[in-house]
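In: Got a predicted structure here, sequence first:
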Amino acid sequence: MTRRNPKPRNEREAEARNRALHALARVRRGESLSQAAQAEHVKLATIKKYLGGQFHQDAPGKRWKPTQSDRLSVRMNVLTPLGSTTVLVRGSRERIRLGRYNIALAKWRRSEPGAEAELAKFTGKRVGGHLLITDTKLLATLEDADVIDFPELYSSLTGGA
């Protein structure tokens with residue numbers, strides 16, 4: 001696959017790139033590229049266009065394999081003391097960290113056992129330059145102000161910062 005990785009020019013292209021990123025995550029978890037593309041409703045050509053440099057083949061005709069990580073920049077929603085904000089998150093490791101933090105945050109909001117311990121694992125961790133909030137008192141205040149809920153992890157091109 002080629003290494004073009006163009007930036008989306010409009011909302012439609014941004015959504016297509018986000019679906020391609022979701023497909024990349026599925027492939028890294030063990031699905032085939034075609035299965036992941038089908039599940040995320042994205043064409044292989046779109047994945048090749050936006051993420052071509054993230055895949056390689058051992059030999060012609062062999063299965064496409066993903067790189068272990070990447071340094072792609074993606075706009076994502078991050079919770080700050082002032083509420084949700086959109087920031088540029090660089091790299092798959094930061095994206096994974098934010099996703100796991102949001103899972104722990106959702107567990108805390110549902111008052112599941114062990115949720116506070118899961119949140120504590122993110123103490124001192126940053127995503128997109130923002131410190132992840134693990135203080136349950138501050139989270140409770142944000143919950144009361146109804147600013148914790150944001151529908152999507154990935155930000156749209158036109159929404160936010």
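Out: Alright, I've got the coordinates.

In: And the helices in this structure?
Out: 11-28, 33-39, 44-51, 92-109, 115-120, 136-144 (DSSP state H).

In: Can you give the contact residues for the first one?
Out: So the one you mean is helix 11-28. Contacting residues not belonging to helix 11-28 are listed as 8, 33, 35-37, 39-42, 46-47, 49-51, 54-55, 64, 66, 68, 70, 72, 74, 92, 154, 156-158 [C-beta atoms under 8 Å, 6 or more residues apart in numbering]. All C-beta atoms are positioned from the backbone trio N, CA, C, and that covers glycine.

In: Over to the fourth one?
Out: For helix 92-109, the external contacting residues (C-beta under 8 Å, 6+ apart) are 28, 69-70, 72, 74, 76, 78-79, 89, 114-116, 118-119, 121-122, 125, 127-128, 132, 136, 139, 143, 148, 153.

In: hmm, which of these are the buried ones?
Out: Buried members of these, counted by 16 or more other C-beta atoms under 10 Å: 28, 70, 72, 74, 76, 78-79, 89, 115, 118-119, 122, 127-128, 132, 139, 148, 153.

In: Just the local confidence number for the residue nearest to the spatial centre of the chain, please.
Out: Nearest to the geometric centre of the chain sits residue 95, at 4.3 Å (C-alpha atoms, centre = their mean). Note on residue 95: pLDDT of 94.
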